[in-house]
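Chemist: Everything below, folded, please.
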Amino acid sequence: MTLNGWTQILVFALLVLALVKPLGWYMTLVFNGEPTFLSPALRPVERGLYTLAGIDERQEQHWLVYTIAMLLFHVGGFVILYALMRLQAGLPFNPAGQGAVAPDLAFNTATSFITNTNWQNYAGESTMSYLVQMLGLTHQNFLSAATGIVLAVALIRGFARASVSTVGSFWVDVTRCTLYVLLPLCIPYTLFLVWQGIPQTLAPSVEATTLESAKQTIAVGPVASQVAIKMLGTNGGGFFNANAAHPFENPTALANLVQMVSIVALGAALTNVFGRMVGNERQGWAILAAMGLLFLAGVTVAYWAEAAGNPALAALGLEGGNMEGKEVRFGIANSALFATVTTDASCGAVNSMHDSFTALGGMIPLINIQLGEIIIGGVGAGLYGMLIFVIIAMFVAGLMVGRTPEYLGKKLEAKEVKMAMLAILCLPLMMLGWTAVATVVPSAVAATNNPGPHGFSEVLYAYSSQAGNNGSAFAGLSGNIPFYNLTGALAMLVGRFFVIIPALAIAGSLAAKKTLPVSAGTFPTDSGLFVGLLIGVILIVGGLTFFPALALGPVVEHLAMLAGQSFPAS
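Modeler: Prediction:
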């Protein structure tokens, strides 16, 4: 580890903190329906969309109606995206002549993009046409990101409101999020990326002659517009197979920094939205502090492990950090930081190959995902995931003092705690359950290219990434087979909707409750004690749930490396 590396990490953290309040203020105005500086231009467009869709923007929805609207919205998105992939051979904007995507892969990919997972069992430049990339994948990048944000806002309203039966209108919320937040940010962001050197063209691939006089075909396309929302919306799906390690997706150090900041900017700002909407900004800062401490711990371990290098190679006299799978233009510090950031958020974009990290370095992205990606988290998903842990933490605090737990003046009773536990427990069921099945199914075992604990880690990472709606991968696993495509799609659906639906049920239940006045027995939830309790509950729940699987994979790998075995351990 070097001073230069830590300076770059500090610059990243300060930029994120600087954006929290202005973005939080702006998004609060948007979701409260208040005028913004963009309203003169966008308000007529917004009203026109409601008129075309037959929506009354003044009519709010019960949490169950809100949920049904959200589910139908996703069904429609799935059908459109699946059809585009299956029919792409006969559709326009296909200069490379890409054929129809196989049914199981199309099913997995459509599921992946509607759930904001963006897991990719394919190479984008050799599988998808420009039309599918633009109308299908980029389109869903906007809508799945908007969905995550508005669901967090619905849960915030549950805490902020009292004695009401509604949590907002899904159609109004998703329209405002897309129109006032995502599009205005992505347009200048796309232009910045083009300036940095990312292609944005409908022209076919470019033919080049190498120094050895060989012919090379270089894929291009409408890349910048997809990368902008891929990062800002914590989607992560790459136009190219190498994702943000590809020079046409992430060409410069400045682009790399801006992409990392954009991954967490909206998620961090939503904590400020939470504080503003409940009437106490300190509540938002307390949640952000818990996220920040967990982030700091993760990036420290990842940076240390990668900078220390492989003990097995050091024993052979090969000193230095682990540069395997990393881009020289980014180095170890920015690779470890990017890996931590992208798995703290449910993004999945990568500027280095996590499969090539050391055992403990690769364990950090895995742990981040398995905790539910609540450390900033995906846009919206991170906040409502963290608020679910807040409910569990307050329940534990109530047990310790023998009184009904409260949070922000709302009693947390059996319904809220049961829904929170359902949301938390569905993730290890998918992650560990399908990993166990994959270790005994012959076709799944045959798709694992590395033996021993590292091969196990690849399978565990795959299901953790899909159920956690992240999308990054340990690349040694050949995931494009029917077994992984179908079971992975199921893991993504459960990981997304079995968290969303309980969260919305909690929102509806809380909104209907009365707000209780603060008393001498009220536990202060904007203090350091609360932050410590919240972190402790997160680590205890995560540790009890996932430690056995981690011990079978990354921990055994690390012990094997210390014993001088080759990497990966066999």
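
Chemist: mind checking the backbone torsions on the residue lying closest to Leu131 once chain neighbours are set aside?
Modeler: Excluding the flanking residues, the one nearest Leu131 by CB to CB, 6 or more residues apart in numbering is Phe93, at 4.0 Å. Yep, even glycine has a C-beta here, placed from its N, CA and C like the rest. In terms of degrees, to the nearest 10, the main-chain angles of Phe93 are phi 60, psi 50.

Chemist: Remind me what the host helix or strand of Lys415 packs against, helices and strands.
Modeler: Assigned by DSSP states H and E, Lys415 falls within helix 414-438. Helix 414-438 sits against helix 359-370, helix 381-401, helix 442-446, helix 452-467, helix 482-511, helix 528-550, with contacts defined as 3 or more CB pairs under 8 Å, 6 or more residues apart in numbering; DSSP states H and E.

Chemist: same thing but at 7 Å, please
Modeler: helix 381-401, helix 452-467, helix 482-511, helix 528-550 (3 or more CB pairs under 7 Å, 6 or more residues apart in numbering; DSSP states H and E).

Chemist: which of those sits most buried?
Modeler: helix 452-467 (a mean of 27; mean count of other CB atoms under 10 Å).

Chemist: Low-confidence bits of this protein, can you list those?
Modeler: Residue ranges of the chain with pLDDT under 70: 544-570.

Chemist: Quick one: the strands in it, in order.
Modeler: 206-209, 215-218, 406-407, 410-411 (DSSP state E).

Chemist: The first one pairs with which strands, and in what direction?
Modeler: Meaning strand 206-209. With DSSP bridges as the test, strand 206-209 is paired with strand 215-218 (antiparallel).

Chemist: Run the chain-centre distance for the partner strand.
Modeler: Here strand 215-218 is found 34 Å from its chain centre; the criterion is CA atoms, centre = their mean, to the nearest Å.

Chemist: Ok, stretch 170-187 next?
Modeler: The answer for stretch 170-187 is 18 Å, by CA atoms, centre = their mean.

Chemist: First-to-last residue distance for it?
Modeler: Length of stretch 170-187, first residue to last, CA to CA, to the nearest Å: 24 Å.

Chemist: looking at the strands of the chain, which is closest to Leu318?
Modeler: strand 215-218 (32.2 Å; CB to CB).

Chemist: Which residues does the closest one contact?
Modeler: 205-210 (CB atoms under 7 Å, 6 or more residues apart in numbering).

Chemist: Including distance to Val194 and neighbour count, could these go into JSON lines?
Modeler: Output for those, formatted as JSON lines (distance: CB to CB, whole Å; neighbours: other CB atoms under 10 Å):
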{"residue": "Ser205", "distance to Val194": "18", "neighbour count": "14"}
{"residue": "Val206", "distance to Val194": "16", "neighbour count": "12"}
{"residue": "Glu207", "distance to Val194": "22", "neighbour count": "9"}
{"residue": "Ala208", "distance to Val194": "20", "neighbour count": "10"}
{"residue": "Thr209", "distance to Val194": "25", "neighbour count": "9"}
{"residue": "Thr210", "distance to Val194": "26", "neighbour count": "8"}
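
Chemist: ok, back up a step: contacts for the helix holding Lys415 next, please.
Modeler: 370, 372, 388, 391-392, 395, 444, 459-460, 463-464, 467-468, 487, 491, 494-495, 498-499, 502-503, 505-506, 509-510, 541, 545-546, 549.

Chemist: Buried residues of it, list them for me.
Modeler: Buried positions in helix 414-438, judged by neighbour count with 16 or more other CB atoms under 10 Å: 416-417, 419-424, 426-428, 430-432, 434-435, 438.

Chemist: Once you drop chain neighbours, what's closest to Pro95?
Modeler: Pro204 (3.7 Å).

Chemist: Quick check, Ala245 in contact with Ser352.
Modeler: Yes: using CB atoms under 7 Å, Ala245 is in contact with Ser352, at 6.1 Å.

Chemist: Touching both of the two, which residues are there?
Modeler: Contact criterion CB under 7 Å, 6+ apart; residues bridging Ala245 and Ser352 by contacting each: Glu327.

Chemist: which one of the two has more residues nearby?
Modeler: Ser352 (25 against 22; other CB atoms under 10 Å).

Chemist: From the centroid of the chain, which residue is nearest?
Modeler: Ser346 (1.1 Å; CA atoms, centre = their mean).

Chemist: how much space between the closest residue to that one other than its chain neighbours and Asn235?
Modeler: Sequence neighbours aside, Gly378 is the residue nearest to Ser346 in space, at 3.2 Å (criterion: CB to CB, 6+ apart). Distance, Gly378 to Asn235, by CB to CB, to the nearest Å: 9 Å.

Chemist: and for those two, which residues touch both?
Modeler: Common neighbours of Gly378 and Asn235 (CB under 7 Å, 6+ apart) are 116, 347.

Chemist: shouldn't Ile364 be in contact with Gly298?
Modeler: Yes: counting by CB under 7 Å, Ile364 does reach Gly298; the two are 4.9 Å apart.

Chemist: Relative to Thr525, how far out is the residue of the chain positioned farthest from its centre?
Modeler: The outermost residue of the chain relative to its centre, with distances by CA atoms, centre = their mean, is Ser213 at 42.6 Å. Separation of Ser213 from Thr525 (CB to CB): 68 Å.

Chemist: now swap in Val150 and tell me
Modeler: 24 Å.

Chemist: which one of those two has more residues nearby?
Modeler: In this view Val150 and Thr525 are compared by other CB under 10 Å, and Val150 has more residues nearby, 26 against 22.

Chemist: What's the local residue count around the residue nearest to Ser346?
Modeler: Count around Gly378 with other CB under 10 Å applied: 35.
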